[in-house]
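Student: give me the fold of what follows.
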Amino acid sequence: MPRLFTGLEIPAEIGSSLMLLRGGVPGARWVEPGDFHITLRFIGDVDDRVGREVAAMLGDIRRKAFELSLVGLDVFGGRKPRAIYVPVEAPSVLAELQAEHERLMQRIGLSPEGRNYRPHVTLARLRETAPRTVADYLAARGLYRSPPFRASRFVLFSSRASVGGGPYVVEAAYPLL
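Tutor: As a prediction, the model looks like this:
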């Protein structure tokens with residue numbers, strides 16, 4: 001089974017607006033618009049049995065749909081920038097949905113996620129990019145704000161083992177009621 005993770009899809013119109021933020025950072029590897037997403041839980045490389053168990057357990061989740069927005073720009077890595085991302089502004093139901101994914105993955109024996117959950121959409125991955133270049137980029141484009149959009153389902157994504165991960169494939173979709 002390929003590398004798996006759960007997430008929320010980004011509507012095409014929001015993806016189009018994110019595309020306008022691409023460029024201006026030498027050496028950045030920009031995420032393709034069809035691969036924009038909000039990760040809920042990274043699962044990793046698992047065998048087919050575990051993959052089927054994950055897919056089945058996700059089907060038991062019963063949560064309501066909700067609205068969210070993408071607001072601003074930021075960077076992971078501080079003085080050694082690793083990624084440019086757009087933070088997600090969402091109600092607490094997003095954190096509750098993510099926490100349920102975390103509990104289910106631990107229930108089937110996966111290790112707990114080691115980092116605090118910070119919902120975001122990755123725009124670019126960086127390698128040896130000068131912090132000043134990133135700061136200039138953020139200053140020029142940091143006022144980005146998407147219109148609100150509805151999360152009406154979450155999905156189980158797969159990806160190939162490569163630098164940057166994409167392209168991502170929806171393996172299963174689960175409605176938010």
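Student: look through this protein and tell me its longest helix.
Tutor: helix 92-107 (DSSP state H).
Student: show residues contacting that helix.
Tutor: By Cβ atoms under 8 Å, 6 or more residues apart in numbering, the surrounding residues in contact with helix 92-107 are 6, 40-41, 43, 54, 57-58, 60-61, 63-64, 66, 68, 88, 112-113, 117, 119, 151, 154, 176. C-beta coordinates here come from the backbone N, C-alpha and C atoms, glycine included.
Student: show me which of the residues you listed are buried.
Tutor: For the contacts of helix 92-107, burial is judged from neighbour counts taken by 16 or more other Cβ atoms under 10 Å, and it is met by 6, 40-41, 43, 54, 57-58, 63, 66, 68, 88, 113, 119, 151, 154, 176.
Student: three-state assignment of the residue nearest to residue 8 when sequence neighbours are not counted?
Tutor: On the basis of Cβ to Cβ, 6 or more residues apart in numbering, the spatially nearest residue to residue 8 that is not a chain neighbour turns out to be residue 38, at 4.3 Å. Following DSSP: H, G, I helix; E, B strand; the rest coil, the label given to residue 38 is strand.
Student: distance check, residue 38 against residue 15.
Tutor: Using Cβ to Cβ, to the nearest Å, we find residue 38 at a distance of 12 Å from residue 15.
Student: more neighbours: which of the two?
Tutor: Each of residue 38 and residue 15 had its neighbours counted (other Cβ atoms under 10 Å), and the higher figure belongs to residue 38 (22 against 19).
Student: which ones are touching that one?
Tutor: Going by Cβ under 8 Å, 6+ apart, residue 38 touches 7-8, 10, 68, 88, 119-121.
Student: keep only those of these that are in strands.
Tutor: Among the contacts of residue 38, the members falling in strands are 7-8, 68, 88, 120-121 (criterion: DSSP state E).
Student: picking that back up, sort out for me which of the contacts of helix 92-107 are in strands.
Tutor: With DSSP E as the criterion, strands contain 6, 40-41, 43, 66, 68, 88, 151, 154 from among the contacts of helix 92-107.
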